[in-house]
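I would like to see how this sequence folds:
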Amino acid sequence: MTKVRLIFSEALRSIGANLATTFASAVSVLVGMFLIGVFIGIGTWLVSWSDDKKRELAVHVFISDQATQKQVNELRVLLESDPRVKKPGGIEFITKAEALEIMKKRAPELTENLATNPLPASFDVVPTRGEDTAAIAQAVRQAKLPAVDDVTHGEEVSERILAIARAIQVVFLIVVIVLLGASTILIANTIRLSIFARRREIEVMKLVGATNWFVRGPFMLEGVLTGLAGSVAAVILLFLGREVAVPNVDYIHNDPDVQALAFSYTAALLIFVGLAIGALGSGLTLRRFLKV
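Numbering: from 1, shown residues only. Next up, the predicted model:
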(Lines give C-alpha, C1' and ligand atoms only; values in the text may rest on other atoms or scores of the structure.)
Protein backbone atom coordinates (compact mmCIF):
# COMPACT_ATOMS: atom_id res chain seq x y z
CA MET A 1 0.00 0.00 0.00
CA THR A 2 2.90 2.36 0.76
CA LYS A 3 4.29 1.86 -2.76
CA VAL A 4 0.84 2.42 -4.29
CA ARG A 5 0.36 5.66 -2.33
CA LEU A 6 3.84 6.77 -3.35
CA ILE A 7 3.13 6.07 -7.02
CA PHE A 8 -0.14 8.01 -6.86
CA SER A 9 1.46 10.95 -5.05
CA GLU A 10 4.32 11.08 -7.55
CA ALA A 11 1.92 10.94 -10.48
CA LEU A 12 -0.24 13.76 -9.08
CA ARG A 13 2.88 15.82 -8.25
CA SER A 14 4.14 15.35 -11.80
CA ILE A 15 0.79 16.41 -13.24
CA GLY A 16 0.78 19.53 -11.07
CA ALA A 17 4.38 20.39 -11.93
CA ASN A 18 3.90 19.85 -15.68
CA LEU A 19 0.43 21.25 -16.33
CA ALA A 20 1.33 22.47 -19.82
CA THR A 21 2.48 19.07 -21.13
CA THR A 22 -0.30 17.28 -19.23
CA PHE A 23 -2.87 19.59 -20.82
CA ALA A 24 -1.31 19.01 -24.25
CA SER A 25 -1.50 15.24 -23.72
CA ALA A 26 -5.13 15.43 -22.61
CA VAL A 27 -6.03 17.58 -25.63
CA SER A 28 -4.26 15.09 -27.91
CA VAL A 29 -6.35 12.28 -26.46
CA LEU A 30 -9.51 14.40 -26.63
CA VAL A 31 -9.01 15.19 -30.32
CA GLY A 32 -8.15 11.60 -31.20
CA MET A 33 -11.01 10.08 -29.19
CA PHE A 34 -13.49 12.67 -30.49
CA LEU A 35 -12.59 11.91 -34.10
CA ILE A 36 -12.75 8.16 -33.44
CA GLY A 37 -16.12 8.58 -31.71
CA VAL A 38 -17.53 10.59 -34.60
CA PHE A 39 -16.30 8.07 -37.12
CA ILE A 40 -17.59 5.13 -35.05
CA GLY A 41 -21.03 6.74 -35.06
CA ILE A 42 -21.02 7.54 -38.78
CA GLY A 43 -19.19 4.35 -39.77
CA THR A 44 -21.40 1.93 -37.82
CA TRP A 45 -24.51 3.70 -39.16
CA LEU A 46 -23.22 3.31 -42.72
CA VAL A 47 -22.35 -0.35 -42.11
CA SER A 48 -25.86 -0.90 -40.69
CA TRP A 49 -27.34 0.89 -43.72
CA SER A 50 -25.35 -1.27 -46.14
CA ASP A 51 -26.39 -4.44 -44.28
CA ASP A 52 -30.02 -3.31 -44.45
CA LYS A 53 -29.73 -2.73 -48.19
CA LYS A 54 -28.19 -6.18 -48.62
CA ARG A 55 -31.19 -7.67 -46.80
CA GLU A 56 -33.43 -6.09 -49.46
CA LEU A 57 -31.71 -8.06 -52.23
CA ALA A 58 -33.85 -10.89 -53.53
CA VAL A 59 -34.10 -13.34 -56.41
CA HIS A 60 -37.35 -13.22 -58.40
CA VAL A 61 -38.26 -16.54 -59.99
CA PHE A 62 -41.16 -16.03 -62.42
CA ILE A 63 -43.39 -19.04 -63.06
CA SER A 64 -44.71 -20.01 -66.48
CA ASP A 65 -48.50 -19.74 -66.89
CA GLN A 66 -48.48 -23.27 -68.30
CA ALA A 67 -46.76 -24.76 -65.24
CA THR A 68 -48.66 -27.44 -63.35
CA GLN A 69 -48.98 -27.53 -59.58
CA LYS A 70 -46.58 -30.46 -59.48
CA GLN A 71 -43.96 -28.46 -61.39
CA VAL A 72 -44.44 -25.46 -59.08
CA ASN A 73 -43.97 -27.72 -56.06
CA GLU A 74 -40.81 -29.11 -57.62
CA LEU A 75 -39.48 -25.56 -57.94
CA ARG A 76 -40.36 -24.79 -54.33
CA VAL A 77 -38.50 -27.90 -53.14
CA LEU A 78 -35.42 -26.80 -55.11
CA LEU A 79 -35.49 -23.37 -53.50
CA GLU A 80 -36.11 -24.67 -49.98
CA SER A 81 -33.23 -27.13 -50.28
CA ASP A 82 -30.72 -24.42 -51.18
CA PRO A 83 -28.66 -23.69 -48.01
CA ARG A 84 -28.04 -20.12 -49.19
CA VAL A 85 -31.75 -19.26 -48.93
CA LYS A 86 -32.81 -17.58 -45.69
CA LYS A 87 -34.67 -19.86 -43.30
CA PRO A 88 -37.39 -19.47 -42.21
CA GLY A 89 -39.36 -17.01 -44.28
CA GLY A 90 -36.89 -16.68 -47.12
CA ILE A 91 -39.35 -17.85 -49.81
CA GLU A 92 -42.58 -16.02 -50.61
CA PHE A 93 -45.04 -17.19 -53.27
CA ILE A 94 -46.79 -14.34 -55.08
CA THR A 95 -49.86 -15.24 -57.13
CA LYS A 96 -50.82 -13.54 -60.39
CA ALA A 97 -53.52 -11.56 -58.58
CA GLU A 98 -51.13 -10.42 -55.86
CA ALA A 99 -48.57 -9.42 -58.49
CA LEU A 100 -51.21 -7.26 -60.21
CA GLU A 101 -52.13 -5.57 -56.91
CA ILE A 102 -48.49 -4.79 -56.24
CA MET A 103 -48.15 -3.32 -59.73
CA LYS A 104 -51.27 -1.18 -59.24
CA LYS A 105 -49.68 0.36 -56.12
CA ARG A 106 -46.29 0.93 -57.74
CA ALA A 107 -47.39 2.11 -61.19
CA PRO A 108 -51.17 2.63 -61.36
CA GLU A 109 -50.91 4.35 -64.74
CA LEU A 110 -49.69 1.08 -66.32
CA THR A 111 -52.60 -1.00 -65.04
CA GLU A 112 -55.61 1.27 -65.72
CA ASN A 113 -56.90 -0.29 -68.96
CA LEU A 114 -55.75 -3.90 -68.66
CA ALA A 115 -58.27 -6.40 -70.02
CA THR A 116 -56.43 -9.38 -68.53
CA ASN A 117 -53.68 -9.97 -66.01
CA PRO A 118 -50.37 -10.28 -67.92
CA LEU A 119 -48.22 -10.70 -64.82
CA PRO A 120 -46.90 -14.15 -63.88
CA ALA A 121 -46.88 -15.77 -60.46
CA SER A 122 -43.46 -15.84 -58.85
CA PHE A 123 -41.29 -16.85 -55.94
CA ASP A 124 -39.44 -14.05 -54.14
CA VAL A 125 -36.32 -15.62 -52.64
CA VAL A 126 -34.32 -13.83 -49.93
CA PRO A 127 -30.72 -15.05 -49.46
CA THR A 128 -29.09 -15.49 -46.06
CA ARG A 129 -26.30 -13.21 -47.29
CA GLY A 130 -26.72 -10.55 -49.92
CA GLU A 131 -23.54 -11.82 -51.57
CA ASP A 132 -25.35 -15.10 -52.44
CA THR A 133 -28.03 -13.47 -54.59
CA ALA A 134 -26.32 -14.09 -57.92
CA ALA A 135 -25.36 -17.68 -56.98
CA ILE A 136 -28.97 -18.58 -56.12
CA ALA A 137 -30.23 -17.10 -59.39
CA GLN A 138 -27.58 -19.03 -61.33
CA ALA A 139 -28.51 -22.30 -59.56
CA VAL A 140 -32.18 -21.89 -60.51
CA ARG A 141 -31.28 -21.19 -64.13
CA GLN A 142 -28.99 -24.23 -64.32
CA ALA A 143 -31.71 -26.49 -62.91
CA LYS A 144 -33.81 -25.78 -66.06
CA LEU A 145 -37.09 -26.69 -64.40
CA PRO A 146 -40.19 -26.49 -66.63
CA ALA A 147 -42.00 -24.23 -64.16
CA VAL A 148 -39.39 -21.47 -64.48
CA ASP A 149 -40.15 -18.76 -67.03
CA ASP A 150 -37.47 -16.24 -66.02
CA VAL A 151 -35.08 -15.44 -63.17
CA THR A 152 -33.97 -11.94 -62.21
CA HIS A 153 -32.10 -10.49 -59.25
CA GLY A 154 -31.33 -6.91 -60.31
CA GLU A 155 -27.74 -7.63 -61.32
CA GLU A 156 -26.56 -4.01 -61.59
CA VAL A 157 -28.27 -2.86 -58.39
CA SER A 158 -27.03 -5.90 -56.46
CA GLU A 159 -23.44 -5.43 -57.58
CA ARG A 160 -23.55 -1.71 -56.77
CA ILE A 161 -24.98 -2.29 -53.28
CA LEU A 162 -22.45 -5.02 -52.49
CA ALA A 163 -19.56 -2.88 -53.78
CA ILE A 164 -20.67 0.07 -51.64
CA ALA A 165 -21.02 -2.20 -48.58
CA ARG A 166 -17.53 -3.62 -49.03
CA ALA A 167 -16.05 -0.14 -49.52
CA ILE A 168 -17.74 1.20 -46.38
CA GLN A 169 -16.42 -1.67 -44.25
CA VAL A 170 -12.85 -1.36 -45.57
CA VAL A 171 -12.74 2.43 -45.19
CA PHE A 172 -14.20 2.19 -41.66
CA LEU A 173 -11.52 -0.28 -40.59
CA ILE A 174 -8.65 1.70 -42.15
CA VAL A 175 -9.73 5.05 -40.68
CA VAL A 176 -10.16 3.62 -37.16
CA ILE A 177 -6.66 2.06 -37.32
CA VAL A 178 -5.14 5.32 -38.59
CA LEU A 179 -6.86 7.40 -35.90
CA LEU A 180 -5.78 5.00 -33.15
CA GLY A 181 -2.19 5.10 -34.40
CA ALA A 182 -2.21 8.90 -34.65
CA SER A 183 -3.65 9.27 -31.13
CA THR A 184 -1.00 6.94 -29.70
CA ILE A 185 1.79 8.89 -31.42
CA LEU A 186 0.42 12.25 -30.26
CA ILE A 187 0.19 11.29 -26.61
CA ALA A 188 3.55 9.49 -26.75
CA ASN A 189 5.20 12.65 -28.08
CA THR A 190 3.65 14.92 -25.48
CA ILE A 191 4.50 12.53 -22.63
CA ARG A 192 8.05 12.29 -24.00
CA LEU A 193 8.43 16.01 -23.29
CA SER A 194 7.44 15.50 -19.67
CA ILE A 195 9.75 12.53 -19.25
CA PHE A 196 12.65 14.31 -20.97
CA ALA A 197 12.31 17.23 -18.55
CA ARG A 198 12.68 14.76 -15.67
CA ARG A 199 15.33 12.50 -17.15
CA ARG A 200 17.89 13.37 -14.46
CA GLU A 201 15.40 12.47 -11.74
CA ILE A 202 14.89 9.10 -13.45
CA GLU A 203 18.66 8.56 -13.67
CA VAL A 204 19.06 9.27 -9.94
CA MET A 205 16.23 6.88 -9.05
CA LYS A 206 17.84 4.17 -11.15
CA LEU A 207 21.28 4.77 -9.61
CA VAL A 208 19.94 4.38 -6.06
CA GLY A 209 18.42 1.02 -6.96
CA ALA A 210 14.83 1.75 -8.02
CA THR A 211 13.38 -0.98 -10.24
CA ASN A 212 12.13 -0.24 -13.73
CA TRP A 213 8.52 -0.80 -12.72
CA PHE A 214 8.87 1.49 -9.69
CA VAL A 215 10.16 4.24 -11.96
CA ARG A 216 7.64 3.48 -14.69
CA GLY A 217 4.63 3.38 -12.32
CA PRO A 218 4.08 7.15 -11.74
CA PHE A 219 4.59 7.95 -15.42
CA MET A 220 2.20 5.24 -16.58
CA LEU A 221 -0.36 6.36 -14.00
CA GLU A 222 0.10 9.90 -15.22
CA GLY A 223 -0.53 8.69 -18.78
CA VAL A 224 -3.62 6.73 -17.66
CA LEU A 225 -5.07 9.75 -15.82
CA THR A 226 -4.32 11.98 -18.81
CA GLY A 227 -5.93 9.48 -21.18
CA LEU A 228 -8.96 9.21 -18.89
CA ALA A 229 -9.39 12.99 -18.74
CA GLY A 230 -9.10 13.36 -22.51
CA SER A 231 -11.44 10.46 -23.33
CA VAL A 232 -14.09 11.59 -20.79
CA ALA A 233 -13.97 15.10 -22.27
CA ALA A 234 -14.36 13.60 -25.74
CA VAL A 235 -17.38 11.56 -24.60
CA ILE A 236 -19.01 14.69 -23.15
CA LEU A 237 -18.46 16.60 -26.40
CA LEU A 238 -19.82 13.69 -28.43
CA PHE A 239 -22.90 13.50 -26.19
CA LEU A 240 -23.57 17.22 -26.61
CA GLY A 241 -23.00 16.96 -30.35
CA ARG A 242 -25.36 14.00 -30.62
CA GLU A 243 -28.10 15.81 -28.69
CA VAL A 244 -27.77 18.91 -30.85
CA ALA A 245 -26.96 17.59 -34.33
CA VAL A 246 -28.61 14.16 -34.70
CA PRO A 247 -32.23 15.29 -34.07
CA ASN A 248 -31.88 17.74 -36.98
CA VAL A 249 -30.93 14.98 -39.45
CA ASP A 250 -34.29 13.47 -40.40
CA TYR A 251 -32.88 10.76 -42.66
CA ILE A 252 -31.21 9.03 -39.71
CA HIS A 253 -34.58 8.35 -38.07
CA ASN A 254 -36.44 7.17 -41.18
CA ASP A 255 -35.50 3.49 -40.89
CA PRO A 256 -35.59 1.84 -37.44
CA ASP A 257 -33.56 -1.09 -38.82
CA VAL A 258 -30.59 1.18 -39.51
CA GLN A 259 -28.86 2.17 -36.30
CA ALA A 260 -25.38 3.28 -35.27
CA LEU A 261 -23.59 1.59 -32.39
CA ALA A 262 -25.29 2.46 -29.09
CA PHE A 263 -23.75 5.56 -27.52
CA SER A 264 -23.14 3.78 -24.21
CA TYR A 265 -20.96 1.20 -26.01
CA THR A 266 -19.15 3.92 -27.92
CA ALA A 267 -18.47 5.87 -24.71
CA ALA A 268 -17.18 2.78 -22.89
CA LEU A 269 -14.97 1.90 -25.86
CA LEU A 270 -13.51 5.41 -26.07
CA ILE A 271 -12.73 5.54 -22.35
CA PHE A 272 -11.07 2.12 -22.50
CA VAL A 273 -9.03 3.10 -25.57
CA GLY A 274 -8.07 6.41 -23.96
CA LEU A 275 -6.79 4.61 -20.86
CA ALA A 276 -4.91 2.08 -23.00
CA ILE A 277 -3.33 4.78 -25.18
CA GLY A 278 -2.27 6.76 -22.11
CA ALA A 279 -0.61 3.75 -20.49
CA LEU A 280 0.91 2.48 -23.74
CA GLY A 281 2.18 5.87 -24.84
CA SER A 282 3.92 6.60 -21.54
CA GLY A 283 5.20 3.04 -21.11
CA LEU A 284 6.78 2.86 -24.55
CA THR A 285 8.23 6.36 -24.33
CA LEU A 286 9.83 5.67 -20.95
CA ARG A 287 11.76 2.60 -22.12
CA ARG A 288 14.72 4.51 -23.53
CA PHE A 289 15.15 6.52 -20.31
CA LEU A 290 15.32 3.39 -18.15
CA LYS A 291 18.59 2.27 -19.73
CA VAL A 292 21.01 3.84 -17.30
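
Would you check how far apart residue 168 and residue 244 are?
According to CB to CB, to the nearest Å, residue 168 and residue 244 sit 25 Å apart. C-betas here are computed from N, CA, C, even on glycine.

neighbour-wise, which of those two wins?
Between residue 168 and residue 244, residue 168 has the larger neighbour count (other CB atoms under 10 Å), namely 18 against 9.

Quick check: closest non-adjacent residue to that one.
Leaving aside its chain neighbours, residue 168 sits nearest to residue 46 (4.8 Å; criterion: CB to CB, 6 or more residues apart in numbering).

So that neighbour sits against residue 167, correct?
No. Residue 46 is beyond contact range of residue 167, at 9.7 Å (criterion: CB atoms under 8 Å).

helix or strand for the residue nearest to residue 168, which one?
Using DSSP states H and E, residue 46 sits within helix 19-55.

Can you give me the buried ones in that helix?
For helix 19-55, burial by neighbour count (16 or more other CB atoms under 10 Å) applies to 21-22, 24-41, 43-50, 53-54.

how about the strands of the stretch 1-150 of the chain, start to end?
Taking DSSP state E, counting those that start in this stretch as the test, the strands found in the stretch 1-150 of the chain are 59-63, 91-94, 122-125, 148-152.

Of those, which stretch is the most buried?
Highest mean neighbour count among the strands of the stretch 1-150 of the chain (mean count of other CB atoms under 10 Å): strand 59-63, with a mean of 23.

Name the residues that touch that strand?
Applying CB atoms under 8 Å, 6 or more residues apart in numbering, the contact partners of strand 59-63 are 72, 75, 79, 120-125, 127, 133, 136-137, 140, 147-153.

List the contacts of residue 278.
Residue 278 sits next to 25, 29, 187, 223, 224, 225, 226, 227, 228, 230 when contact means CB under 8 Å, 6+ apart.

And for residue 167?
Under the criterion of CB under 8 Å, 6+ apart, residue 167 has no neighbours.

Quick check, pLDDT for it.
Note on residue 167: pLDDT of 82.

Next, work out how far apart it and residue 277 are.
From residue 167 across to residue 277, the span is 28 Å (CB to CB).

Residue 37 now?
From residue 37 to residue 277 the distance is 14 Å (CB to CB).

Provide the secondary structure category for the residue nearest to residue 45 when sequence neighbours are not counted.
In this structure, residue 45 finds its nearest non-sequential neighbour in residue 260, 3.9 Å apart by CB to CB, 6+ apart. Recorded secondary structure, residue 260: coil (DSSP: H, G, I helix; E, B strand; the rest coil).

give the contact list for residue 260.
Taking CB under 8 Å, 6+ apart, we find residue 260 in contact with 40, 41, 42, 44, 45, 48.

pretty sure the second one is touching residue 242, no?
Yes. Residue 41 sits in contact with residue 242 when judged by CB under 8 Å, with a separation of 7.5 Å.

where does the chain have its least confident helix or strand?
Ranked by mean pLDDT, DSSP states H and E, the weakest helix or strand in the chain is helix 2-17, scoring a mean of 65.

Report the separation between the closest residue to residue 111 other than its chain neighbours and residue 151.
Excluding its sequence neighbours, the residue lying closest to residue 111 (CB to CB, 6+ apart) is residue 104, at 4.8 Å. Per CB to CB, residue 104 is found 24 Å from residue 151.

and if you look at residue 37?
From residue 37 to residue 151 the distance is 45 Å (CB to CB).

Hmm, residue 80 is touching residue 93, no?
No. Judged on CB under 8 Å, residue 80 makes no contact with residue 93 at a distance of 11.4 Å.

Against residue 74, how distant is the closest residue to residue 150 other than its chain neighbours?
What sits nearest to residue 150 in space, not counting adjacent residues and going by CB to CB, 6+ apart, is residue 62, at 4.5 Å. Distance of residue 62 to residue 74, given as CB to CB: 15 Å.
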